[in-house]
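In: Let me see the structure of the following:
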Amino acid sequence: MKTILNTKYLKAVVGVGCIAAISTGVNAQELTLMNMKGMPGLTTYNPAYHSDSSAFFVSFLRPSVDVGTTFAFGDFVTLGRGSEKTMIDLNKLNSMATANGNGLYFLQEMPALSFSIMSKKGNSFSFGLRERMMSDFMFDKGLVELLTQGNSTTSEKNQSGMFGINTSAFLETSLGYSRNFFDRKLTVGANIKFLRGLATARGNNLGVNLHTAAGGQTIDITTSGEMFVSAPVNFTYDAEGYIEDVKAIDDLDPLQYYNEKPNKGMAFDLGVVYKPIPNLTVSAGFIDLGAKIKWENHLTTLVQNGSYSYSGIDISNSIDDNSPTYKKPDDLMQDILDDMEKSFKPKGSTNAYTQKLPVQTYLTANYALTKGISVYAMERLAKNNAFSRNAFTVGASTQLARFLSLSTGYVNTNGDSYLGLGASVRVGCMQLYVSTDNISVMKSFPPGKTSNVSFGLNMLFGRKHQKKGYPKYYEEVTPPEVPVEIPEIPEETTEPEKAIQ
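Out: Next comes the predicted model:
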């Protein structure tokens, strides 16, 4: 099994992962951050959002990462402290695994640059450039049982396991526009996004099957599945069309490579913000509508349909090293490994592959209690392939002064609850912030099934703070003035006395 998992034909998958990890930073959707007062640049979640702190802003260096699993690592992993060793309880892992849908996902984003300009009439224009990476690894219970229990048996046994691996890194360039209607009670916005793929490795329904005969005399191994790889690597093939070797492109010119056959794609965002009453704001954002990337640059489809029957090793010629037919034990093992490598050679083709990105929906209600305090509720509907990332959040945010904003939230995602916390500090035109939806990530690891953290720097210009720095969506309700009519009193007029004759 060691040879199957470490053959040189899988280097392409590892290489794509490294390229994506190096070429991308680490943004995911932080629910606590999205509801913080005075935060610009939230059009990636809802293109109708306007900044309450500036008429013009520039944002850069905003890395963030979002990690989730179907089980908490702390349930079966005990990290060593000091001289203690890290312990993994395989029995617990096996008991927690479900029939399907086990695994982890990893989302990361590095916005390179974004800015927005708002006119006096309330029209907003925005631009954004960021790198995104979406990765996940899925496996079924059969694979866990195979790895944790092995194939030791005294009777005939058939075992199988399925898994999938998906990772993609791409550039996103967005142009946005939003406009106010009905005296700023309604705002509608949209983003058009141009995508360009950097690297991908996507394989689903990758399977391995072991059939062990009674007593273990023979073991039949069968593998199946296909994987799409687009990366700066070259595959070489033998006469029968099987992949013989894979090598990175020498003297790679990144600009020439990505312009040769750009992996193009497109997506759209739509958003709406509505104020039914002065202090209540409701909004809805729909992200990555119709998002697709067509991969065709250095694309290779690996097809794996191999089998191998192991019936033991004949060591009769490896006992007497003086025998003319003597064969070293290492050579016997190498022969087995060579036979297995030939049996599991994948075939390759260069057919184009289209990847669809999942749609994300954000529904929010925000109510201003006072000038500086608001409460909110938010529902996120999102998936990352087979992973559900649905979450419901309730929380509060406050702007204590012109320079300090705080936000906290109680986040429930897939039945697990966490406490989120965020803060931003403004010094002149510069705004620094940090936020997480799971505060336990700051003090312990592993923190649970899901965690994220985000930090960054914004430059804000052009708009004066309203009412000592409080956002515009708080409005004091004052009774209308009732005109009071005061009757006019006519002036007294006196006629001149007539002369007495």
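In: show me what contacts R389?
Out: The contact partners of R389, taken as CB atoms under 8 Å, 6 or more residues apart in numbering, are 68, 105, 380, 382-383, 413. Heads up, the C-betas are built off the backbone N, CA and C, glycines and all.
In: just the buried members of the residues you listed?
Out: Among those, those buried by neighbour count (16 or more other CB atoms under 10 Å) are 68, 105, 380, 382, 413.
In: Most widely separated two among those?
Out: Taking CB to CB, the two most distant members of the buried ones among the contacts of R389 are Y105 and R380; they sit 14.5 Å apart.
In: still on that earlier bit, which of the contacts of R389 lies closest to F76?
Out: Checking the contacts of R389 against F76 by CB to CB gives G68 as the nearest, at 16.6 Å.
In: Any idea what the closest one is bridged to?
Out: Each beta-bridge partner of G68 is listed here, defined by DSSP bridges: Y105, T450.
In: ok, now how distant is it from Q431?
Out: Summarising the geometry, the distance separating G68 from Q431, computed by CB to CB, to the nearest Å, is 28 Å.
In: so where's the stretch 351-500 of the chain shaky on pLDDT?
Out: Counting by pLDDT under 70, the stretch 351-500 of the chain shows low-confidence ranges at 385-386, 441-448, 462-500.
In: Go through stretch 171-182 and flag the buried ones.
Out: Of the residues in stretch 171-182, 171-172, 174, 176-178, 180 count as buried by neighbour count, 16+ other CB under 10 Å.
In: just stretch 423-436 next, same as before
Out: 424, 426, 431, 433-436.
In: all helices in this protein, in order from the N-terminus.
Out: Per DSSP state H, the chain carries helices over the ranges 2-5, 11-23, 31-34, 90-96, 141-149, 254-260, 329-343.
In: can you pull the contacts of T281?
Out: For T281, the set of contacting residues under the criterion of CB under 8 Å, 6+ apart consists of 273-275, 364-368, 473.
In: What residues are bridge-paired with it?
Out: For T281, the beta-bridge partners are N366 (DSSP bridges).
In: pLDDT score for G25?
Out: The pLDDT attached to G25 in the predicted structure is 29.
In: what does Y177 give?
Out: Checking the pLDDT column for Y177, the value is 94.
In: if I pick it, what's in contact with it?
Out: By CB under 8 Å, 6+ apart, Y177 lies in contact with 47, 123-126, 189-190.
In: pLDDT below threshold where in the stretch 101-250 of the chain?
Out: If you take pLDDT under 70 as the line, the stretch 101-250 of the chain has these spans: 151-155, 215-216.
In: That one: strands as residue ranges?
Out: Along the stretch 101-250 of the chain, the stretches classed as strands by DSSP state E, counting those that start in this stretch are 102-118, 124-139, 157-181, 186-212, 219-230, 233-237, 243-248.
In: Switch the ones you listed over to a markdown table; also include distance to R81.
Out: Conversion of the strands of the stretch 101-250 of the chain to a markdown table gives the following (distance: least, CB to CB, whole Å):
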| stretch | distance to R81 |
| --- | --- |
| strand 102-118 | 24 |
| strand 124-139 | 28 |
| strand 157-181 | 32 |
| strand 186-212 | 36 |
| strand 219-230 | 39 |
| strand 233-237 | 41 |
| strand 243-248 | 40 |
